[in-house]
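# have a look at this prediction, sequence included:
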Amino acid sequence: MPNSPQSSKLGLNTYAGPWLALQTKHLLNRTMFGAKAADINYFKSKGLMSSVDELLNVPAILPLPPVNDYNSTTYTDPNIPIGKTWVNDVSLDGTTNSYRTSTYKKWLLSIWVNQERNIREKLSLFWSNHFGTEADTIVYATMTYNHHQILRTNCVGNFKQMVRAITTDPGMLRYLNGYLSTKTAPDENYGRELQELFSVGKEGGAKYSEDDVKNAAKTLTGWKIDATFNAVFDSTRHDTTNKTFSAFYNNTIIAGRVGANGALETDDLLNMIFQKSEVAKFICRKLYRYFVYYYIDDNVETNIITPLANAFIANNFEIKPVLKLLLQSEHFYDSLYIGCQIKSPIDHVVGFLRQYEIAFPDTAVNYLDAYSLYNNMVAQLIGMGQSPVDPPNVAGWPAYYQAPDYNELWINADTLPKRNKFTDLMIETGYTKATSKIIVNTIQFAKNVCDNPSDPNLLVDSFFAFLVSTDIDPSLKNTLKIQLLLTGQASDYYWTDAWNLYISNPTTINFNIVNTRLKALLKYIMNLPDYQLQ
Amino acid sequence: MERRNFIKNSLALLAPTMIGGNAIHILQDHPLLNTAMLATSTTDKVLVIIQLSGGNDGLNTVIPLSEYSNYQNARSNIAIPENKVLGLTGNNATGIHPAMTAMQNLFSDGKLNIVQSVGYPQPSFSHFRATDIWMSGSDSNEYLNTGWAGRFLNYEFPGYPDAYPSPENPDPLAIQIGSLSTLTCQGPTVNMALSVSDPSSFYNLIDGTNATVSNTNSGYELSFLRSVAKQTNLYTTRIKSASDKVTQQVAYPNNSLANQLKIVARLIKGGLQTKVYMVNYGGFDTHSGQVVASDTTTGAHANLLKVLSDAVAAFQSDLKGLEIEDRVIGMTYSEFGRRIKSNASGGTDHGAAAPLFLFGKNVRGGVFGNNPTIPTNATVNDNVPYQYDFRTIYATILQNWFCVSDTGESQILTKQYPILPLINASVCGINDKDSTFAKDALIYNYPNPFSTFTKIEFKTKGGHTLLQLLDGAGTVLRVMVEANYNYAGMNSFNLYSNGLLPGVYYLRLQNETKVYVKPIVKM
């Protein structure tokens, strides 16, 4: 039994081993929220290189925006009719924004559940955790929406440009008080987090000083938010003095600029920061922890992080080439890393919904039922400790950064039962809203993941192969087959007969005979701790 | 305390070395808890359900000696020779399989009741469907997605699992040993039984051994997840500690059923307040080769029955030694019996009604009901018709063992069923210690079967006397007598069959708290 995490000696050479369902599922688990059976088949047939290319090829067209689903007898949005989007309407009203933010979270679930075959949503979540902001603190829903649209738009693009955009993003200006920062009272909040959390980090060689924080804050003075929620530069609030940085930044002096040119100091600051190799290493470590595993020892630092960071710099901070290197590497597919991530709540809930292809109503057709049901999923995520777009603070969720436990922090005596209860509930009762119901269709699921569900051995194997990434003791599989599918009978054909009878004559009784047994088996598998890993 | 809002009712994930999260220590140290563990009341009754999976051949288990020649004729290749059948003290008409010497002794001790021909109308011959019917307590053409014991536990403990365990209810309501959760204990929302996700993990828990993981990072994280899962299950420490308290037990045979029952005895003695234990023993689907042709008293079925008989007897003896005999009764059942006529493969195909065993100190010993009638020349279509609806057994256990009211019973079983005199009802405060009650001929009727009418003679000891006619589903069709007699003696009533379809009916006589039920057949 392993007493500690281990690292693979394999490096960034392109993986040349077999490309089977196991490897395909591994790639999809890490780059999307779970995978449907059809997704695995699709990418398995594509091969490694094409799969990675396709997953990294994020379409420019973004999903349709969230709409007003909240007009009711007790509240009516003064500006936006029901069914229409509010993302272009500025509102200062607290109640309105509260409704809209709530809508945004439901909408976000719909985007995650219905994601296309690319890395955008998984990677956007990475960036929204990296540039941690809290929707409930930003308050204004349009700012929250636009903040996350920046991350979505730039997710595989240029990291430096993304930092530049975020630095003067109204949502971020508001969240870290940049819009209040003036030359007479510079607010150090953003100046600090820009360095500590967003770029050079605080590990290893990142030895920027407290004065560097103060000077960065001075450099960034002058930005504010206008009445229509645009970031504008007010030169009268800008500190025009020269800012002298520490030896860590090679004693760089950012010369004070006057008038509208004061805004250019923001670029001067980022240019200085991005000279530091720590930026690339910090981001690459974080990407590694998100996509591979949290454990980084000297071996991983030397053989993975350093060459990845070099490639990041060589590509002028383009994100896609770095991810391509990592996701195609023999390191990534080493069996040490298959199934070693504890799922985040979002992975758990959204991954489940996608694995089982839970049929939500179409948001374009029946947005009221759809949003209501997605809201049930938001509530589940909150219960499990990952409220969407509301991380606990600017550092994001501790499970993504807090040594030494990292993603083990998702799991405790409160959250683990909630995870099990969620999968049980979706199997047994599901959720109902008006005429819409979301629940696992066990029969369809069996058909989706198994070539011949009438064979109980193949069925148990297929369920495990699809739902978990760990090795399961064959004797357990056999026990499950006998006790749950065969109800203690010794002969496989009793299941085969029951399945075939249902297929040929789908009466309620015949359905229930099969469904009861499939439900028990699926609940069992998902209650195994193995299901918490991906 | 939020974490208590949901207590995982599964032992899934036990990798049992470390047992003892803080929450459990709080429970253990709670003064109320110790009081509860010492308390004895009507609520300390335990039911052990032994499921015999596959469909046990009732006719070779309980042999109808009064029908022997027809029996022998119907299944000459597997019939037990008449002189090998084990006799039952005080009962010449019925015997049991020669492998069941241990249960023969149990019968002699008055701790075994053999209920004849238990089944239900329109029997299903499908293992799955029949199992679901037995577990849910449904009609043949009805689908219930809850179990009969699950509904009972939900009735007694509404709101489970929220706020469980508690000082008053520190233990699982039901435990399934050696196998996974079944429909029997499925409640309206959750399964009321603590099931053992990996059956071996239950033994791991009791034995304190570990499950292994692979030498990878996923193995490392899996160990972590299992340790949390174990802490999460607030019942594990209680189970382990109850099990550890019992250090001396009688010798059990070494087979899977005996191993399960041995654990049950330990947990009961160790102080768990669990009401229902379920154990399972499979392999009864004897389509072929159920006997050795040269000696039909041996073979697969004989081995199964020997395991059953020896395990039950050892368990009963252990209960006595542990001084918990008063608190425990057991019930066996199988999803169906087997065909009267054997097949050419030396086996029997799926059938209908079959005998059921109830055992325990508080069970009224004896054979309840009549031998099934075996046709002179049985065909493949002949089956044993049911005398007793299986839900009358459930109803009896609910009312006379768990002391559930009439109202409760009809709520749990969805309708009211007759109560049979199978259990010493005084455990529920019912003033009836006459263990010969069942054998008293309290009701005669002639003719039986009948076509136009039958004359019923019944005995009353005076006082409130009720004579009802029930159909096979337990519905009261007629109240024939309801009176307060100021004398003891025999009375009679002529029952006319107008409006009765052919089939099995019950006469139910209730004299004060005593109940007697007799099946009659309308042709």
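Alright, I've got the coordinates.
# which single residue in the stretch 51-200 of chain A comes nearest to chain B?
Residue nearest to chain B within the stretch 51-200 of chain A: residue A:122 (19.6 Å; CB to the nearest CB). (Glycine included, C-beta is placed from N, CA and C.)
# state the distance from residue A:434 to residue B:358.
Residue A:434 sits 50 Å away from residue B:358, going by CB to CB, to the nearest Å.
# no, scratch that, I was asking about residue A:480
31 Å.
# where are the low-confidence patches of the stretch 301-450 of chain B?
Within the stretch 301-450 of chain B, the stretches with pLDDT under 70 are B:429-441.
# for it, what spans make up the helices?
Secondary structure of the stretch 301-450 of chain B by DSSP state H, counting those that start in this stretch: the helices cover B:390-400, B:406-412.
# also the stretch 201-350 of chain A?
Using DSSP H, counting those that start in this stretch, helices in the stretch 201-350 of chain A cover A:210-219, A:264-273, A:277-291, A:298-300, A:306-314, A:319-327, A:345-355.
# burial of the residue of the stretch 1-150 of chain A found nearest chain B, as a residue count?
Using CB to the nearest CB, the closest approach of the stretch 1-150 of chain A to chain B is made by residue A:2 at 4.3 Å. Residues near residue A:2, counting by other CB atoms under 10 Å in any protein chain shown, number 17.
# and whatever residue of the stretch 151-300 of chain A ends up closest to chain B, how many residues sit next to it?
Nearest to chain B, among the residues of the stretch 151-300 of chain A, is residue A:293, at 5.8 Å (CB to the nearest CB). Look at residue A:293: counted by other CB under 10 Å, it has 25 neighbours.
# equivalent analysis for residue B:295, please.
Using other CB under 10 Å as the criterion, the residues surrounding residue B:295 number 11.
# now the residue of the stretch 251-400 of chain A found nearest chain B. Its backbone dihedrals?
Relative to chain B, the nearest point of the stretch 251-400 of chain A is residue A:340 (3.5 Å; CB to the nearest CB). Note on residue A:340: its backbone torsions stand at phi -100, psi 0 [degrees, to the nearest 10].
# from what I can see it touches residue B:223, true?
No - judged on CB atoms under 8 Å, residue A:340 makes no contact with residue B:223 at a distance of 11.8 Å.
# who has more neighbours, those two?
Neighbour comparison, residue A:340 and residue B:223: the larger count goes to residue A:340, with 27 against 18 (by other CB under 10 Å).
# what's the spacing between the closest residue to that one other than its chain neighbours and residue A:295?
Nearest non-adjacent residue to residue A:340, counting by CB to CB, 6 or more residues apart in numbering or on different chains: residue B:217, 3.5 Å away. Applying CB to CB, the value for residue B:217 to residue A:295 is 7 Å.
# give the residues shared as contacts by these two.
Contact with both residue B:217 and residue A:295 is made by residues A:5-6, according to CB atoms under 8 Å, 6 or more residues apart in numbering or on different chains.
# more neighbours: those two, which one.
Per other CB under 10 Å, whichever of residue B:217 and residue A:295 has more neighbours is residue B:217, with 27 against 20.
# enumerate every residue touching the more buried one.
A:2, A:5-6, A:293, A:295, A:336-337, A:340.
# switch to 10 Å and redo it
A:2, A:4-8, A:292-295, A:334-341, A:533 (CB atoms under 10 Å, 6 or more residues apart in numbering or on different chains).
# residue in the stretch 351-500 of chain B with the shortest distance to chain A?
In the stretch 351-500 of chain B, the residue found nearest to chain A is residue B:351; the distance is 15.5 Å by CB to the nearest CB.
# ok, that residue - contacts?
Applying CB under 10 Å, 6+ apart, the residues contacting residue B:351 are B:55-59, B:119, B:123, B:125, B:336-341, B:382-384.
# work out which residue lies at the spatial centre of chain B.
residue B:331 (2.9 Å; CA atoms, centre = their mean).
# same deal with chain A?
Centre-most residue of chain A, counting by CA atoms, centre = their mean: residue A:125, 3.5 Å.
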